[in-house]
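A.B. asks: need a 3D model of the sequence below.
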Amino acid sequence: MLAARALPALTVATIIPLGLFYLCLFLGSVDIAIVVSVAYAYSVGFWQYRRRPRISGMLLITIFMVTVRAAAAAASGSAFLYFAIPVAETVGFGLLFLASLASRECLVVRLARDVVPHVAEDLAERARLCKLLSLIWALTYIGSGLTTLLLLLTQPLPVYLGAHQLTGWAWTGLGIVTSLVVCRWRARGLLAALHRRPLPKAAGPVAALAR
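C.D. replies: This next block holds a predicted model:
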């Protein structure tokens, strides 16, 4: 149910631009693919803002990411940085999960407040569970980033583009499954609470470009 709710925004912010990038890369060049990615992100962001003065959080992240990558590629004159920057971002996100263990509120709780606010308080009271989930996702992101770096350094670009998506999904899937197992082991009531509150259905084609 949570996945169904997030799918429209995920499609607009991730799946469509990824598909456009690959299409332009194989039909044109890396430079064309980068330009199209930037143009798509800003165009959809402008369209969303015109419909209502708000841009989805996922799309804002996409806009920021493609801007930083494109600027780095243009400044260096090399497309390598366009693909290398996401590696640093992924590893950095994993380290952020670790760093948040020393803060008053773990990152997993902050994310829960955004996605499933009705269970966030319950999660916040389970300190050991929060630490376990933080470690799981720190290892997931760091492992994914290092795997991507290895592929980038050892494989030709066409192989890398397909392989790093597959390994990224594999790491994410492993993180989700491990998190569910840990929650079943340490907090069955928390999982049950996720399904007690009905979620609103998304509207329109790709939810009107995720609003």
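A.B. asks: so in this protein, where's the weakest helix or strand by average pLDDT?
C.D. replies: Using mean pLDDT, DSSP states H and E, helix 206-210 stands out as the lowest-scoring helix or strand of the chain, at a mean of 51.
A.B. asks: buried residues in the longest helix along the chain, which are they?
C.D. replies: Scanning the chain for the helix with the most residues, using DSSP state H, yields helix 157-186. Of the residues in helix 157-186, Tyr160, Leu161, Ala163, His164, Thr167, Gly168, Trp171, Gly175, Thr178, Ser179, Cys183 count as buried by neighbour count, 16 or more other CB atoms under 10 Å. Bear in mind the C-beta positions are built from the backbone N, C-alpha and C, glycine included.
A.B. asks: which helices and strands sit right next to that helix?
C.D. replies: Packed against helix 157-186 by the contact rule (3 or more CB pairs under 8 Å, 6 or more residues apart in numbering; DSSP states H and E) you find helix 16-27, helix 127-154, helix 188-196.
A.B. asks: how about CSV for those helices, with distance to Leu60 and mean pLDDT added?
C.D. replies: Below are the helices and strands packed on helix 157-186 laid out as CSV (distance: least, CB to CB, whole Å; pLDDT from 0 to 100):
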stretch, distance to Leu60, mean pLDDT
helix 16-27, 13, 85
helix 127-154, 20, 91
helix 188-196, 26, 58
